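Trainee: can't give you the sequence, but here's the structure:
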């Protein structure tokens, strides 16, 4: 069993990391850190720069674990849903590789990817299978792996960071359907979860909304603070409503019985005042921040208890690392 | 549902080479764990168990020593038996040689009480009747056979026949009467009187008491 593991989330130019020990059923957050990677166009060797940055920042925060899981959700990470006629596994993979351009709108040979079967439906007397494909650009993943390796960290799991919060979902949501909204600093996602499995996910263009708000209202963007005007919050709520309705309508084509019962909101954006209440009033369904403390213990050294929602993805990644059980 | 959930959690974007490395690492760790368990069990078996069983071993040693002692004793047993058999054989020879000698001291003490008017001419012989063995010292000494023959235990009827010359019959009668009152001599008999120039001759037959055995009793030695 690993002594302690690290969960790391790359959210745009931000890096969040937590060090956890305990058990996979009851992890304990020992330490956490958030840092912003300075974007310096003069940097030539980005890999070495990243390695030094990671090493220094982890050392500064006294994070000593050697094994880590990494969550990434940038423009080089894709969540794709495809439907294909029922095929044997090898034929399916062959078709996926051959037709990745049409099916996924990307060249799969340049990506590391995995897929999961979600279900099937009948269309024109042909059984159609639905699959979730998660893909990340291999050059980017290799760069991260090398950088972490140079920093003395072994990556034992990599996933889309918006899926890692699934590991901290309360037990009463293990069955049934709900909407998970992950509001990151730069990358956000809405995912419909049914019986613990993501059925449909869409990247939210909140970053653009932030930028628009900045240009429109001249406001300084800073998540987790109270600098958002009610007008922006209202716009975000409206956006989430539209995304939710669009997602539900899309999914409703495949599963007529589906109807989410509530919204679970997490990520640093969940700390924005009045946002959750706004979402609830717009979607007319219960909306809750994920109660992380019901799922994890927090060491007394962890000083940012009020902001623990910011680390939901990193904590989920740490739990995933525990699950690798090296 | 749980199966699907578990499958989803297993999604990983790690390159295959790293997945394989992790798998190898897991296998190595399992191998190391199994080896460690085997080594620990071996250590317990080869080191701890003997220490724990030291008292048992001492007990076993003690029992083994006792067994050895008993074995040595058993080893000596044939010699004892041999000695016993020899002793018994010699004892039988001695018994046979001695036969059933008369208790001369008793006889002589009785004869010593005879009056002066009674003379002993001869003691003819010692006769044994019935199942008893006739005492013959020469025969006993000549016997080389060491085999133990069963001894008859019938009532001894060994007698001593003594010829007497009597000059005074009254004193003779008194003497005989006193002898007959002596325990063991109740069966004394008197033969016919014959007159001659000195008085009378007659014979008395007295039961002969046996001498106490001088042979060691061996009964029950090897029972």
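Mentor: Nice, I can see it. Just so it is clear, the model here is predicted, and its values are computed rather than measured. Numbers count the residues shown, from 1 in each chain, chains lettered A, B, ... in the order given.

Trainee: Show the average pLDDT along the helix or strand where residue B:65 lies.
Mentor: Residue B:65 belongs to helix B:54-98 when assigned by DSSP states H and E. Across helix B:54-98, pLDDT averages out at 87.

Trainee: where's it relative to the chain centroid, distance-wise?
Mentor: Chain-centre distance of helix B:54-98: 12 Å, with C-alpha atoms, centre = their mean, to the nearest Å.

Trainee: what element comes up after that helix heading to the C-terminus?
Mentor: Heading C-terminal from helix B:54-98, the first helix or strand you meet, by DSSP H and E, is helix B:104-111.

Trainee: If we go by neighbour counts, what in that following helix is buried?
Mentor: By neighbour count with 16 or more other C-beta atoms under 10 Å in any protein chain shown, helix B:104-111 contains the buried residues B:106-107, B:110-111. All C-beta atoms are positioned from the backbone trio N, CA, C, and that covers glycine.

Trainee: does residue A:43 sit in a helix, a strand or a coil?
Mentor: Using DSSP: H, G, I helix; E, B strand; the rest coil, the structure places residue A:43 in coil.

Trainee: roughly how far apart are the closest residue to it other than its chain neighbours and chain B?
Mentor: Leaving aside its chain neighbours, residue A:43 sits nearest to residue A:49 (4.8 Å; criterion: C-beta to C-beta, 6 or more residues apart in numbering or on different chains). As for residue A:49, its distance to chain B is 22 Å (criterion: C-beta to the nearest C-beta, to the nearest Å).

Trainee: What degree of burial does residue A:49 show, as a neighbour count?
Mentor: Residue A:49: 16 surrounding residues under other C-beta atoms under 10 Å in any protein chain shown.

Trainee: Which segments of the chain make up each domain?
Mentor: Since you didn't name a chain, this refers to chain A. A:77-137, A:172-289 (automatic domain parsing).

Trainee: Sorry, I should have been clearer: chain B.
Mentor: As given by automatic domain parsing, the domain ranges for chain B are B:53-98, B:104-207.

Trainee: Same list (the ones you listed) but as JSON lines, adding distance to chain A.
Mentor: Formatted as JSON lines, the domains of chain B follow (distance: least, C-beta to the nearest C-beta, whole Å):
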{"stretch": "domain B:53-98", "distance to chain A": "35"}
{"stretch": "domain B:104-207", "distance to chain A": "89"}
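
Trainee: Give me whichever of those is most buried.
Mentor: Comparing the domains of chain B by mean neighbour count (mean count of other C-beta atoms under 10 Å in any protein chain shown), domain B:104-207 comes out on top with a mean of 14.

Trainee: what does stretch B:105-124 contact?
Mentor: Stretch B:105-124 is contacted by residues B:160-168, B:171-172, B:174-175, B:178-179, B:182, B:184-185, B:201, B:203, B:206, B:208-209 when judged by C-beta atoms under 8 Å, 6 or more residues apart in numbering or on different chains.

Trainee: Just these: which are in helices?
Mentor: B:171-172, B:174-175, B:178-179 (DSSP state H).

Trainee: Check those residues and tell me the two furthest apart.
Mentor: Of all pairs drawn from these, the greatest distance, 12.6 Å, lies between B:171 and B:179 (C-beta to C-beta).

Trainee: And what about residue A:269, helix, strand or coil?
Mentor: Secondary structure of residue A:269, reduced to three states by three-state DSSP: helix.

Trainee: and it, how many neighbours does it have?
Mentor: When neighbours are counted by other C-beta under 10 Å, residue A:269 registers 24.

Trainee: Repeat that for residue B:38.
Mentor: If you count neighbours by other C-beta under 10 Å, residue B:38 ends up with 10.

Trainee: list the buried ones in the helix or strand containing it?
Mentor: Using DSSP H and E, residue B:38 sits in helix B:16-43. Using 16+ other C-beta under 10 Å as the test for burial, helix B:16-43 gives B:18, B:22.

Trainee: what about it, distance to the chain center?
Mentor: Its chain's average C-alpha position is 74 Å from that of helix B:16-43, according to C-alpha atoms, centre = their mean.

Trainee: Helix or strand next in line after it, which one?
Mentor: helix B:49-52.

Trainee: Name the residues that touch that following helix?
Mentor: Against helix B:49-52 from outside (C-beta under 8 Å, 6+ apart): residue B:57.

Trainee: Name the spans of the stretch 101-250 of chain A whose pLDDT lies under the cut-off.
Mentor: Residue ranges of the stretch 101-250 of chain A with pLDDT under 70: A:207-229.

Trainee: Get me the contact residues on it for chain B.
Mentor: By the rule C-beta under 8 Å from any C-beta of the partner chain, the part of the stretch 101-250 of chain A lying against chain B is A:112-114, A:116, A:134-136, A:138, A:141-142, A:145, A:155-160, A:163, A:166-167, A:174-175, A:195-198.

Trainee: Out of the residues you listed, which end up buried?
Mentor: The neighbour count (16+ other C-beta under 10 Å) marks A:112-114, A:116, A:134-136, A:138, A:141, A:145, A:155-160, A:163, A:166-167, A:196-198 as buried among those.

Trainee: ok so, going back, confirm the residue nearest to residue A:43 sits in a helix?
Mentor: Yes. Counting by three-state DSSP, residue A:49 is part of a helix.

Trainee: any idea how far residue A:297 is from residue A:168?
Mentor: According to C-beta to C-beta, to the nearest Å, residue A:168 stands 12 Å off from residue A:297.

Trainee: er, residue A:309 actually
Mentor: Noted for residue A:309: a distance of 16 Å to residue A:297, by C-beta to C-beta.

Trainee: More neighbours: which of those two?
Mentor: residue A:309 (23 against 14).

Trainee: which ones are touching the more buried one?
Mentor: A:266-268, A:270-271, A:289-290, A:292.

Trainee: Which ones, among these, also lie beside chain B?
Mentor: Within the contacts of residue A:309, nothing lies near chain B by C-beta under 8 Å from any C-beta.

Trainee: What segments of the stretch 1-150 of chain A are strands?
Mentor: Secondary structure of the stretch 1-150 of chain A by DSSP state E, counting those that start in this stretch: the strands cover A:5-11, A:14-22, A:27-36, A:67-72, A:77-85, A:111-123, A:126-137.

Trainee: Around residue B:45, count how many other residues there are.
Mentor: Neighbours around residue B:45, by other C-beta under 10 Å: 10.

Trainee: which residues are contacting stretch A:33-44?
Mentor: Stretch A:33-44 has contacts (C-beta under 8 Å, 6+ apart) with A:13-18, A:49-50, A:53, A:57-58, A:60-61, A:63, A:310.

Trainee: Now list the buried members of those residues.
Mentor: With burial judged by 16+ other C-beta under 10 Å, the buried subset of the contacts of stretch A:33-44 is A:14-18, A:49-50, A:53, A:57-58, A:61, A:63, A:310.

Trainee: residue at max distance from the center of chain A?
Mentor: Most distant from the centre of chain A: residue A:125, at 36.5 Å, with distances by C-alpha atoms, centre = their mean.

Trainee: quick one: that residue and chain B, what's the gap?
Mentor: For residue A:125, the distance to chain B (C-beta to the nearest C-beta) stands at 27 Å.

Trainee: Over to residue A:94?
Mentor: Shown here: residue A:94 relative to chain B, a distance of 17 Å by C-beta to the nearest C-beta.

Trainee: For chain A, see how far away residue B:208 is.
Mentor: 109 Å.

Trainee: Next, that residue: phi, psi?
Mentor: For residue B:208, the backbone dihedrals are phi -100, psi 120 (criterion: degrees, to the nearest 10).
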